[in-house]
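Colleague: what follows is a predicted protein model with its sequence.
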Amino acid sequence: MMTTDFQQFFQSVFEPELLQEINVTGFQKEFMEGDIIIDIADNVKFMPLLISGIIKILREDDDGNELLLYFLEKGNTCAMTLTCCIGNAQSEIRAIAETEVCLIMIPVQKMDEWMAKYKTWRAFVLQSYQNRFMEVLDTVDSIAFLNMDKRLLKYLANKVKISNTNIIESTHQQIADDLNTSRVVISRLLKTLEKQKQVELNRNSIKYLLH
DNA sequence: TCATTAACACGGG
DNA sequence: CCCGTGTTAATGA
C-alpha cells in the first residue's frame, strides 16, 4: 500500500509503469528519531527511497568517533546502498533517522532490472550518485580547508536549509560529535557567533539569524 | 596558535 | 539532582 505522499513526490520523476512496479514490489517502513536504519557492516538487501523525514549519514573511525557525511532529504536515496547493491557488499556507513522517517524499501534484485528497463530509474540512480558524491566532496573540502568556525557555520546553515526552520534543536555535544570535535570548541565558537549576532543561544536550541 | 581533556560552577527543569 | 552550558588551566600538535 502506497501513500499519497509517495505518489506526489515521485510522480514527476518516474513513469507510470515504474510507479506501478514500485507499488507492487516495494513496501513502506517507518523509523523513529534516533533509530539506526543501516549500520556499518550491515548487508544491504533493500534500497530505500526517502518519502519523508531526514536521515543522517555518517562514518565512524576505529575509536568509535563519528563524522557526519551528509543528510538525506525527501526524494533522495542512499548512494551507499546503491554501491552495496551492485557489489553485493556491506555498508561502509551508518544511517540514522534524524527525524521521524518514512521509507519505501525496494528489493535489491529490482535495481538491475529497472536500470535496463526504465530510463527514469536509471537517471534517478545516476543523479543520486552525482548528488551524494558532490556532498561528500563538499564535506571533504570543509575538513581539509576550513577552520572549525567556518565548518560550524556551514553545518548550521545546512541544518537550517533542510529542516525549513531557523531553530536548530541540538546540544553543543551533538554538534561536536557530528563535526568530530570537542564540546568546548563548539560552545566557545557558538558564543562568539552569538556576540556577532549571528545566532541566539538557548538550552537545547540555536536560532540561526542569517538570511 | 588552536584543539583537547579534565575540572568546576551555575542554573533550569 | 541531572544535564546542558560557559569557562579555565594544563598539555599537546
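Modeller: Okay, I see it. Residues are numbered from 1 along each chain as shown, chains lettered A, B, ... in the order given.

Colleague: could you use CA atoms for every contact and neighbour count after this?
Modeller: Noted.

Colleague: secondary structure element for residue A:99?
Modeller: In the assignment (DSSP states H and E), residue A:99 maps to no helix and no strand.

Colleague: now the residue nearest to it when sequence neighbours are not counted, what's its secondary structure?
Modeller: Nearest in space to residue A:99, with sequence neighbours left out and distances taken as C-alpha to C-alpha, 6 or more residues apart in numbering, is residue A:33 at 4.5 Å. What DSSP: H, G, I helix; E, B strand; the rest coil gives for residue A:33 is coil.

Colleague: okay, residue A:33: pLDDT?
Modeller: At residue A:33, the model reports a pLDDT of 90.

Colleague: any idea how many residues pack against it?
Modeller: Other residues lying near residue A:33 total 15 when counted by other C-alpha atoms under 10 Å.

Colleague: can you report phi and psi for it?
Modeller: phi -50, psi 130 (degrees, to the nearest 10).

Colleague: go on, residue A:183?
Modeller: phi -60, psi -30.

Colleague: follow-up on the earlier one: please name the residues that touch the residue nearest to residue A:99.
Modeller: A:96-101 (C-alpha atoms under 8 Å, 6 or more residues apart in numbering).

Colleague: if I look at residue A:46, how far off is DNA strand B?
Modeller: For residue A:46, the distance to DNA strand B equals 36 Å [C-alpha to the nearest atom of the strand, to the nearest Å].

Colleague: from memory that residue sits against residue A:106, does it?
Modeller: Yes: counting by C-alpha atoms under 8 Å, residue A:46 does reach residue A:106; the two are 5.2 Å apart.

Colleague: rewinding a little: the residue nearest to residue A:99 and residue A:153, how far apart?
Modeller: Separation of residue A:33 from residue A:153 (C-alpha to C-alpha, to the nearest Å): 24 Å.

Colleague: tell me which other helices or strands the helix or strand containing residue A:141 touches.
Modeller: Here residue A:141 sits within helix A:119-145, counting by DSSP H and E. Here helix A:119-145 touches strand A:66-72, helix A:79-87, helix A:108-117, going by 3 or more C-alpha pairs under 8 Å, 6 or more residues apart in numbering; DSSP states H and E.

Colleague: ok, so what distance separates the residue nearest to residue A:99 from residue A:123?
Modeller: Residue A:33 is 30 Å from residue A:123, by C-alpha to C-alpha.

Colleague: go on, residue A:164?
Modeller: Distance of residue A:164 to residue A:123, given as C-alpha to C-alpha: 27 Å.

Colleague: quick one: which of these two has more around it?
Modeller: Taking other C-alpha under 10 Å, residue A:164 and residue A:123 do not tie; residue A:123 has more neighbours (14 against 8).

Colleague: ok, that one - contacts?
Modeller: Neighbours of residue A:123 in contact, by C-alpha under 8 Å, 6+ apart: none.

Colleague: now it: how far from residue A:15?
Modeller: 12 Å.

Colleague: repeat that for residue A:197.
Modeller: Taking C-alpha to C-alpha, one finds residue A:197 at 48 Å from residue A:15.

Colleague: same deal with residue A:114?
Modeller: Note on residue A:114: its distance to residue A:15, by C-alpha to C-alpha, is 12 Å.
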